[in-house]
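Visitor: what follows is a predicted structure for the sequence shown.
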Amino acid sequence: MGHVVPPEAAALLERARRIVVVTGAGISAESGVPTFRDALTGLWQRFDAQALATPQAFEDDPDLVWGWYEWRRSAVRRARPNAGHAAVAAIEARVPGTVVVTQNVDDLHERAGSTDPVHLHGSLFAPRCSGCSRPASLPDVADEPAGGRRVPPPRCAACAAPVRPGVVWFGEALPQAALDRAVEAAASCDLLVTVGTSGLVYPAAEIPQVAARLGATVIQVNPDETPLDAVAEVNLRGPAARVLPALVAAAWGDTMPT
């Protein structure tokens with residue numbers, strides 16, 4: 001069954017000329033990608049996900065942390081972009097210059113057709129050296145076992161230090177170039193659509209607020225209430241894979257997969 005979109009939301013999207021779409025864990029969870037709130041299983045069930053995602057954890061036990069990220073990367077490879085990801089790509093195709101900003105570390109936006117999403121929290125698919133920060137190639141790996149395993153990280157070709165996941169860990173700063181690009185886009189857009197974000201993780205949660213303060217309209221797509229309800233002119237309650245295709249179809253008459 002399709003989602004009913006208020007006419008004012010469709011009109012806002014249809015009229016917009018400079019759009020920013022900000023996505024969080026909710027959109028990828030609909031493709032089966034585990035979020036940090038999900039209970040861990042197998043080897044990982046005795047760990048808190050937040051305890052594995054720190055520089056200290058990698059320093060203390062690189063095989064454990066690298067193994068966990070290889071397990072996560074394997075899970076993402078098995079996942080497929082959903083209709084929400086496809087709708088984001090459809091907005092980009094309709095409105096050239098649209099900027100997609102994601103807190104997700106997967107590649108589902110790229111696989112759905114988004115050309116150059118801004119990864120605020122890095123990517124599972126862009127490892128780098130823990131010593132000299134040189135980009136490293138991904139190891140060829142078969143599907144990780146469901147229960148997980150310890151995996152020694154590769155060594156840097158330049159300095160032989162262990163290669164680390166190219167993600168932002170707790171206690172680390174966001175990549176400055178990505179943050180600058182996201183804030184600049186938010187400051188100059190006329191419409192910002194925030195999708196599946198909690199509104200609790202800073203500085204990412206500040207981006208819709210920047211847009212609103214500088215005069216842009218904010219549409220929020222989320223099944224639940226969030227702190228961003230207060231800055232959103234329109235709150236569309238529901239999962240991204242249903243709401244976003246309906247919003248695109250209402251704005252432009254495009255038939256989207258659901």
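Guide: Received, thanks. Numbers count the residues shown, from 1 in each chain.
Visitor: which residues in the stretch 101-250 of the chain form strands?
Guide: For the stretch 101-250 of the chain, applying DSSP state E, counting those that start in this stretch gives strands covering 118-119, 122-129, 163-167, 191-195, 217-222, 234-237.
Visitor: so which of these comes closest to A51?
Guide: A51 sits nearest to strand 163-167 of all these, at 14.9 Å, using Cβ to Cβ. Glycine gets a C-beta too; all of them are placed from N, C-alpha and C.
Visitor: contact partners for the closest residue in space to F125 that isn't next to it in sequence?
Guide: Using Cβ to Cβ, 6 or more residues apart in numbering and skipping the chain neighbours, the partner closest in space to F125 is D107 (5.3 Å). D107 makes contacts with V76, S123, L124, F125, as judged by Cβ atoms under 8 Å, 6 or more residues apart in numbering.
Visitor: from R150, how far out is D107?
Guide: The span separating D107 from R150 equals 24 Å under the rule Cβ to Cβ, to the nearest Å.
Visitor: name the element the residue lying closest to G113 once chain neighbours are set aside belongs to?
Guide: Of all residues not flanking G113 in the chain, A89 sits nearest, at 3.6 Å (Cβ to Cβ, 6+ apart). Using DSSP states H and E, A89 sits in helix 83-94.
Visitor: all helices of the stretch 51-200 of the chain, in order?
Guide: 55-60, 62-78, 83-94, 108-112, 176-188 (DSSP state H, counting those that start in this stretch).
Visitor: which one of the ones you listed lies nearest to A251?
Guide: Closest among these, once you apply Cβ to Cβ, is helix 83-94, at 8.1 Å.
Visitor: and the angle from the closest one to strand 191-195?
Guide: 160 degrees (axes from the mean of the first three to the mean of the last three Cα atoms, to 10 degrees).
Visitor: center of this structure, which residue is that?
Guide: Centroid check for the chain by Cα atoms, centre = their mean gives N104 as the closest residue, at 2.2 Å.
Visitor: what's near enough to touch the residue nearest to that residue when sequence neighbours are not counted?
Guide: Nearest residue to N104 in three dimensions, chain neighbours excluded: S28, at 5.0 Å (Cβ to Cβ, 6+ apart). Shown in contact with S28 (Cβ under 8 Å, 6+ apart): T35, A79, N104, D106, L108, G196.
Visitor: from the residues you listed, which single one is nearest V22?
Guide: Nearest to V22 out of the contacts of S28 is G196 (Cβ to Cβ; 9.2 Å).
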